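Q: Could you work out the structure for the sequence below:
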Amino acid sequence: MAVVGNSHVLTLFEGYPLIARELPGVELTFIARGQHKIGHAVVSRAGVEWPRPGGDLIDRVGRLDATHVFVMWRGSQANIRGLLQQGPAFDVAVPHEPDRTIEPDVELIPCSAVEAIIRGTLDADDELLALIGRAQRGGAMVWLMGPPPALPEEAVRERLGEESHFAGRLHQVGVSAGDVEIVPESVRVRLRTILLGVYRDFAAQHGAGFVPPPAWVADAGGLLERQYWGKDITHASPAYGAVYLRELVEVAGA
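A: Residues are numbered from 1 along each chain as shown. Prediction:
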């Protein structure tokens with residue numbers, strides 16, 4: 001089996017040593033595309049190999065000998081675009097909460113509007129479609145993965161000024177990390193719930209499956225449990241990577 005895609009793949013790669021003893025005979029390939037390069041590792045009980053084949057991410061996926069390919073792609077929209085409050089306060093109308101009380105000064109956005117934005121980023125992503133198609137032509141079952149739950153505001157503020165992406169955004173709007181408004185936790189949880197639903201539907205339309213992170217990595221409010229917090233706002237910890245990887249192995253029947 002293989003786990004391929006963006007930097008979140010590294011979280012699962014870092015989590016592998018925590019459960020390696022549970023996976024006798026299982027060989028996993030990790031291919032993560034970073035800002036400047038592609039990292040490729042094959043891990044098993046025998047250790048870690050670092051193959052150096054040529055080509056881009058899609059070429060490498062095409063050369064895989066894997067029966068299951070799990071794709072982590074984009075996926076941090078809810079943790080990035082819905083984090084800093086840069087306009088009017090807003091909330092999202094979701095079908096499973098029809099009786100929820102909305103404050104009078106809060107702009108209510110239809111669920112369908114958020115779905116359309118997220119779905120648009122996937123439909124227009126030719127590289128994602130090519131990646132899924134290439135893995136399927138190689139005979140693999142393809143699965144799309146979901147992002148981790150949002151961090152609570154406490155953890156966000158601890159990390160906000162330390163990440164270049166957010167530091168740059170704060171500089172643009174002229175606000176310090178300590179003073180910026182954060183989108184309320186409950187709204188960010190709803191945004192991620194919508195995102196997971198869109199990913200599930202997109203995967204089904206393209207002949208792929210969908211494996212969300214285990215539900216119990218989130219607390220009762222839908223936020224990432226403390227033991228799974230990562231070093232930055234968008235990535236979780238190796239412990240989170242281990243539990244998600246265990247879920248993927250179970251899905252693959254490995």
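
Q: ranges for the helices of this structure?
A: 8-19, 57-62, 77-80, 111-123, 126-137, 153-159, 164-173, 185-205, 238-252 (DSSP state H).

Q: Give me the neighbour count for the closest residue to H40 other than its chain neighbours.
A: Of all residues not flanking H40 in the chain, I31 sits nearest, at 5.0 Å (C-beta to C-beta, 6 or more residues apart in numbering). Placement of C-beta: from N, CA and C, glycine included. Neighbour count of I31, defined by other C-beta atoms under 10 Å: 22.

Q: Please verify my assumption that I31 contacts V61.
A: Yes - judged on C-beta atoms under 8 Å, I31 makes contact with V61 at a distance of 6.8 Å.

Q: what do those two both touch?
A: 2, 4 (C-beta atoms under 8 Å, 6 or more residues apart in numbering).

Q: Can you give me every residue that contacts the residue nearest to H40?
A: I31 touches 2-5, 9, 38-41, 57, 60-61, counting by C-beta under 8 Å, 6+ apart.

Q: let's go with 6 Å and repeat that
A: Residues near I31 by C-beta atoms under 6 Å, 6 or more residues apart in numbering: 4, 40, 60.

Q: same check, this time on E247
A: P214.

Q: try 7 Å
A: Each residue near E247 by C-beta atoms under 7 Å, 6 or more residues apart in numbering is listed here: 211, 214.

Q: A130 too?
A: Residues near A130 by C-beta under 7 Å, 6+ apart: I58.

Q: Quick check: it vs Y199, distance?
A: 18 Å (C-beta to C-beta, to the nearest Å).

Q: Tell me the predicted confidence for the residue nearest to G62 when sequence neighbours are not counted.
A: Distances taken as C-beta to C-beta, 6+ apart place R134 nearest to G62, at 4.7 Å, with adjacent residues excluded. pLDDT, R134: 94.

Q: what do you get for the one 4 residues further on?
A: According to the prediction, G138 has pLDDT 91.

Q: so it touches R60, yeah?
A: No - look at G138 against R60 with C-beta atoms under 7 Å: they stay out of range, at 11.2 Å.

Q: Pick out whichever of those two has more residues nearby.
A: Comparing G138 with R60 by neighbour count (other C-beta under 10 Å), the higher total belongs to R60, at 20 against 16.

Q: just checking, the more buried one touches H40?
A: Yes - between R60 and H40 there is a contact under C-beta under 7 Å: 6.3 Å.

Q: so can I have a markdown table of the contacts of I31 showing pLDDT?
A: Output for the contacts of I31, formatted as a markdown table (pLDDT from 0 to 100):
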| residue | pLDDT |
| --- | --- |
| V4 | 95 |
| H40 | 89 |
| R60 | 89 |
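
Q: Quickly note the distance from the residue of the chain most remote from its centre to D91.
A: No residue in the chain sits farther from the centre than P104, which is 32.8 Å out by C-alpha atoms, centre = their mean. Look at P104 and D91: by C-beta to C-beta, they are 12 Å apart.

Q: likewise Y16?
A: Y16 is 39 Å from D91, by C-beta to C-beta.

Q: Counting neighbours, go ahead and name the busier of those two.
A: Taking neighbours as other C-beta under 10 Å, Y16 and D91 compare with Y16 leading, 21 against 18.

Q: ok, the more buried one - contacts?
A: Applying C-beta under 7 Å, 6+ apart, the residues contacting Y16 are 28, 43, 245.

Q: Quick check: the first one touching H40?
A: No - proximity of L28 to H40 does not meet the contact threshold set by C-beta under 7 Å, at 11.9 Å.

Q: Since that was my last question, I'll sign off now.
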